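*Asks:* Build me a model:
(chains A and B)
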Amino acid sequence: MNRSMIILEFLLFPGLLFTAVAGLMTSWVDRKVTALVQMRVGPPFLQPFYDIRKLLIKETCVPEEGAIGLFLLAPLLGFAAVTVASMILWRTLLDLETTFVGDLIVLIYLLIIPALAVILGSFASRNPLASLGGSREVKLMIAYELPLVLAVLVPVIQADSLRLGDLFSGPAPAASLSGVLALLVAIACTQAKLTIVPFDMPEAETELTGGVFIEYSGPPLAMFKLTRAMMLFTMPVFLVGLYFGGLVTGPGWWPKLLGFVIWFLLVAITIVIRNTTPRVRTDQAVRFFWGPVSLVATLAVVLAWMGW
Amino acid sequence: MNRAINALTRSLNVFHLAGSACNNCDIEILDALTPRYDLERFGITLVGSIRHADVLLMSGVFNKKAAIRAKEVVEQAARPYLVIAIGGCPATGLMFRDSYNWDCPPGDYIHIDAFIPGCPPKPEAIISGVVTVIGALRSGALVPGCMQEPQAQAEPAADLLPEAASVGTFFD
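*Replies:* Have a look, this model is predicted:
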């Protein structure tokens, strides 16, 4: 494949444009379902697009004493990382031959970067509330990354490969006991990775008034919002590929339809959890992830090792 | 129609700036944002940070010390933004206008784009006011204060607030 083709793939499909549009649609689903849960009508379909468009015409305020370069670079960093992550994921889903050794590790690292970018941006702004949110995000990351990696290990052990192409084409790990346990752990970790309720203490609208994003305005804020929407779209896609493997990548239309249904169910679970639980404290979140969640994840790894 | 105005009016993020007051207007503002009235239908959402805001709702009495903070907060908003005063107090001071700590209405030192009168205005009145403002913006009848020529902005604020300016910061 020549170079211009790859650039085109990065910019249009399945990279930037596709992921951004799909992410904003997913965030509309999120807001609409939330509205329905609260028995109201909710925003129109194009509302997330209007929000981004409005932010693009707003002024960019930079804090006087902050590290301005890092402050403006951080949103770009997260945005670029999630775009590349989504592109690797979708290229492998659509064509299993494009996989390379260790792309799972690359993907896991790329999916960490948006959270890191939020932390960097919040500390660069020198706002005390943003710093508080940033330190909470650090603690949250330390909490959820361990069980998430353990949960990702289960399909790796079952497929005996670190290549996404092998993971996506083998028998579905979710059909085994260890796979089901790992999927449950991964759903909990996804909730924290997307920093949505009950793990939204880095933002904590009511106590930190926006927390990590408090100093951001205009296009950088739009970029952060877009990154979050794209993560909301990409993370469930990653889980579908990882835990349902060959079921959703087979030939014909039925596997793709099944994949979409499972993806929608995962998004719906995330939204329902978000609407039915209150925000937890940082210590509660750390205890939850290092206690029961890590235990279940370890159990799943041991079961996978024993061939269950 | 101005493209910036069109983009702005489709997605208004509201920041609530409450002066010291009887809190009735604050309660009515929160009522207007509840699921019953569902302002998210029009893209109106409440935000916690002034940097994210497109609309500043001012409610309550801005006394000499609150006036300094109100000016600081408005200066931190990202352009273009609108300032809407809710209730009678920001317009006239109502029964607080003879108080020892009241100097002048906030309209004298902040450009206020619209007033929604009432004591307090009902959520229906607030929504009606916001819809009127959006209509006026789209038809060009109203230009946000921050987008007007500089001379339209109330500059002699320091003269109007002689005592407030001398009060300095709270911790002095």
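
*Asks:* Which strand or helix spans residue B:90?
*Replies:* Assigned by DSSP states H and E, residue B:90 falls within helix B:89-92.

*Asks:* Packing partners of that helix?
*Replies:* Packing partners of helix B:89-92 (3 or more Cβ pairs under 8 Å, 6 or more residues apart in numbering or on different chains; DSSP states H and E): strand B:55-59. C-beta: built from backbone N, CA, C; applies to glycine.

*Asks:* Name the residues that touch the following helix or strand past the helix holding residue B:90?
*Replies:* Sequence order places strand B:114-116 as the next helix or strand after helix B:89-92, per DSSP H and E. The contact list for strand B:114-116 (Cβ atoms under 8 Å, 6 or more residues apart in numbering or on different chains) reads B:82-87, B:90-91, B:125-126, B:129-130, B:132-133, B:136, B:142.

*Asks:* Just checking the distance from strand B:114-116 to the centre of its chain.
*Replies:* Per Cα atoms, centre = their mean, to the nearest Å, the displacement of strand B:114-116 from the mean C-alpha position of its chain is 8 Å.

*Asks:* Report the mean confidence score over it.
*Replies:* Averaged over strand B:114-116, pLDDT sits at 90.

*Asks:* Just give me the closest of the contacts of strand B:114-116 to chain A.
*Replies:* residue B:82 (12.4 Å; Cβ to the nearest Cβ).

*Asks:* can you pull the pLDDT of whatever residue of chain B ends up closest to chain A?
*Replies:* In chain B, the residue that lies nearest chain A is residue B:48 (3.3 Å; Cβ to the nearest Cβ). Residue B:48 is assigned a predicted lDDT (pLDDT) of 84.

*Asks:* and it, which of the three is it?
*Replies:* coil (DSSP: H, G, I helix; E, B strand; the rest coil).

*Asks:* burial of it, as a residue count?
*Replies:* Per other Cβ atoms under 10 Å in any protein chain shown, the neighbour tally for residue B:48 reads 21.

*Asks:* ok, now residue A:12?
*Replies:* 11.

*Asks:* Could you do residue A:285 as well?
*Replies:* Neighbour count for residue A:285, taken as other Cβ under 10 Å: 20.

*Asks:* Doesn't residue A:208 belong to a strand?
*Replies:* No: counting by three-state DSSP, residue A:208 is located in no strand; its state is coil.

*Asks:* residues touching it, list them.
*Replies:* Residues near residue A:208 by Cβ under 8 Å, 6+ apart: A:129, A:132, A:133, A:202, A:214, B:48.

*Asks:* Tell me the most packed of the residues you listed, by neighbour count.
*Replies:* The most crowded member of the contacts of residue A:208, judged by other Cβ under 10 Å, is residue A:133 (29 neighbours).

*Asks:* hang on, the earlier thing: could the contacts of residue A:208 be laid out in a markdown table, adding secondary structure?
*Replies:* Formatted as a markdown table, the contacts of residue A:208 follow (three-state DSSP):
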| residue | secondary structure |
| --- | --- |
| A:129 | helix |
| A:132 | helix |
| A:133 | helix |
| A:202 | coil |
| A:214 | coil |
| B:48 | coil |
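
*Asks:* Just give me the least confident of those residues.
*Replies:* In terms of pLDDT, residue A:202 ranks lowest among the contacts of residue A:208, with 80.

*Asks:* Quick check, pLDDT for residue B:169.
*Replies:* 46.

*Asks:* before we move on, back to that, separate out the buried members of the contacts of strand B:114-116.
*Replies:* Burial by neighbour count, judged by 16 or more other Cβ atoms under 10 Å in any protein chain shown, picks out B:82-87, B:90-91, B:125-126, B:129-130, B:133, B:142 from the contacts of strand B:114-116.

*Asks:* hmm, which two among these are most spread apart?
*Replies:* The widest separation within the buried ones among the contacts of strand B:114-116, taken as Cβ to Cβ, falls between B:87 and B:142 and amounts to 19.7 Å.

*Asks:* quick one: contacts for whichever residue of chain A sits closest to chain B?
*Replies:* Closest approach of chain A to chain B (Cβ to the nearest Cβ) occurs at residue A:209, with a separation of 3.3 Å. Under the criterion of Cβ under 8 Å, 6+ apart, the neighbours of residue A:209 are A:129, B:48, B:49.

*Asks:* residues touching the first one, list them.
*Replies:* Contacts of residue A:129 were listed using Cβ under 8 Å, 6+ apart, and they are A:208, A:209, A:210, A:211, A:214.

*Asks:* want to try CSV for these, with distance to residue A:245 as columns?
*Replies:* Listed next are these as CSV, based on distance: Cβ to Cβ, whole Å:
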residue, distance to residue A:245
A:208, 40
A:209, 43
A:210, 39
A:211, 37
A:214, 41
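
*Asks:* ok, back up a step: sitting in strands, which of the contacts of strand B:114-116 do you find?
*Replies:* If you go by DSSP state E, the contacts of strand B:114-116 have B:82, B:83, B:84, B:85, B:86 in strands.

*Asks:* Across the sheet, point out what pairs with the fourth one.
*Replies:* By that I understand residue B:85. residue B:58, residue B:115 (DSSP bridges).

*Asks:* What are the neighbouring residues in contact with it?
*Replies:* Going by Cβ under 8 Å, 6+ apart, residue B:85 touches B:57, B:58, B:59, B:91, B:106, B:107, B:112, B:114, B:115, B:116.

*Asks:* What of the second one?
*Replies:* The neighbourhood of residue B:83, defined by Cβ under 8 Å, 6+ apart, consists of B:55, B:56, B:58, B:74, B:110, B:111, B:112, B:113, B:114, B:145.

*Asks:* Tell me the most packed of the residues you listed, by neighbour count.
*Replies:* Going by other Cβ under 10 Å, residue B:58 tops these with 27 neighbours.

*Asks:* My read is that that one contacts residue B:89, right?
*Replies:* No: with contact defined as Cβ atoms under 8 Å, residue B:58 does not reach residue B:89; the gap is 9.0 Å.

*Asks:* Any chance you could list residues touching both of these two?
*Replies:* Counting by Cβ under 8 Å, 6+ apart, the shared contacts of residue B:58 and residue B:89 are residue B:19.

*Asks:* circling back: can you list the contacts of residue A:208 in JSON lines and add distance to residue A:223?
*Replies:* Shown next, in JSON lines, are the contacts of residue A:208 (distance: Cβ to Cβ, whole Å):
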{"residue": "A:129", "distance to residue A:223": "20"}
{"residue": "A:132", "distance to residue A:223": "22"}
{"residue": "A:133", "distance to residue A:223": "18"}
{"residue": "A:202", "distance to residue A:223": "17"}
{"residue": "A:214", "distance to residue A:223": "16"}
{"residue": "B:48", "distance to residue A:223": "19"}
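
*Asks:* just these now: which is nearest residue A:100?
*Replies:* Using Cβ to Cβ, residue A:202 is the member of these that sits closest to residue A:100, with 33.4 Å.

*Asks:* With adjacent residues omitted, what lies nearest to that closest one?
*Replies:* Closest residue to residue A:202 apart from its sequence neighbours, by Cβ to Cβ, 6 or more residues apart in numbering or on different chains: residue A:137 at 4.0 Å.

*Asks:* what does residue B:92 give?
*Replies:* Closest to residue B:92 by Cβ to Cβ, 6+ apart is residue B:105, at 6.2 Å.
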